[in-house]
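K.L.:
coordinates for the following, if possible.
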Amino acid sequence: MTKIHRIFSTAVLVSLFGCAGSDFVRPAPEAFKLGTTTFNQVVQQMGEPRRIGEVTKNGAAVKSITYSYAATGGEPLDEGVIPARAQVFFFHNDTLVGQEFLSSFKSDNTNFDEKKVPAIVKGTTMRTEVIQLFGRPSTMYVPPLIKEGGVEAMGYAYQTTSGGAFAGFKIFRKNLVILLDGKGQVLDVDYSSSGNK
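P.N.:
Have a look, this model is predicted:
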């Protein structure tokens with residue numbers, strides 16, 4: 001799990017103690033544009049974030065802001081899971097360079113079929129074909145958040161948290177990141193999973 005994904009997982013876990021955070025709606029795809037939208041524009045539309053952090057990625061300082069919400073009475077996609085949603089925005093020099101949305105609510109869940117990952121072929125599969133396979137991406141990144149050589153990365157992430165404060169929390173996460181070139185062709189595919197359901 002990368003440092004960025006550890007921050008995201010921690011933000012979701014922090015939101016799980018009871019009914020935590022302010023509910024929000026996932027922004028529309030056109031609401032914020034990587035490389036153009038500013039920190040102030042995101043906060044103006046989303047409100048004050050629940051958490052602010054900072055990481056170093058590929059030698060660059062990156063600020064993160066997190067919006068999260070959990071409701072023990074909500075309807076999760078998977079039985080026994082505490083339904084939660086979180087949105088993280090990443091900024092370099094106050095410009096948006098990444099965003100991640102994660103939800104285990106049934107209504108807007110970000111679950112994806114990892115069995116389809118082998119259908120993505122480096123150097124052949126195009127961005128449009130990935131979207132046909134998996135639907136709307138839940139993560140998007142541009143430099144400095146991605147590997148050298150890529151123009152952008154898109155991906156899919158799903159996380160569940162079950163259990164409780166006394167018995168302990170169980171966290172499961174699966175993450176798919178697809179690196180793309182300037183023509184939208186796949187350069188690299190990285191799938192990982194961790195934890196137990």
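K.L.:
how close does the spatially most central residue of the chain sit to residue 123?
P.N.:
Geometric centre of the chain, nearest residue: residue 100, 2.8 Å, by Cα atoms, centre = their mean. Shown here: residue 100 relative to residue 123, a distance of 26 Å by Cβ to Cβ, to the nearest Å. Quick note: C-beta positions are derived from backbone N, CA and C, even for glycine.
K.L.:
picking that back up, right, and the residue nearest to the centre of the chain touches residue 68 too?
P.N.:
No. In this structure, residue 100 is not within contact of residue 68 by Cβ atoms under 8 Å, at 11.4 Å.
K.L.:
intersection of neighbour lists for the two?
P.N.:
By Cβ atoms under 8 Å, 6 or more residues apart in numbering, residue 100 and residue 68 have these common neighbours: 86, 87.
K.L.:
which parts of the chain are strands?
P.N.:
Secondary structure of the chain (DSSP state E): strands at 51-57, 60-70, 84-92, 95-103, 139-141, 152-164, 168-180, 186-195.
K.L.:
how about CSV for the ones you listed, with distance to residue 31 added?
P.N.:
CSV is the format used below for the strands of the chain (distance: least, Cβ to Cβ, whole Å):
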stretch, distance to residue 31
strand 51-57, 20
strand 60-70, 13
strand 84-92, 11
strand 95-103, 10
strand 139-141, 12
strand 152-164, 16
strand 168-180, 21
strand 186-195, 26
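K.L.:
low-confidence ranges in the chain?
P.N.:
Residue ranges of the chain with pLDDT under 70: 1-19, 165.
K.L.:
tell me which residue lies farthest from the centre of it.
P.N.:
For the chain, the largest distance from the centre (Cα atoms, centre = their mean) belongs to residue 166, which lies 27.9 Å off.
K.L.:
and it, how far is that from residue 82?
P.N.:
14 Å.
K.L.:
can you check residue 162 too?
P.N.:
Residue 162 is 7 Å from residue 82, by Cβ to Cβ.
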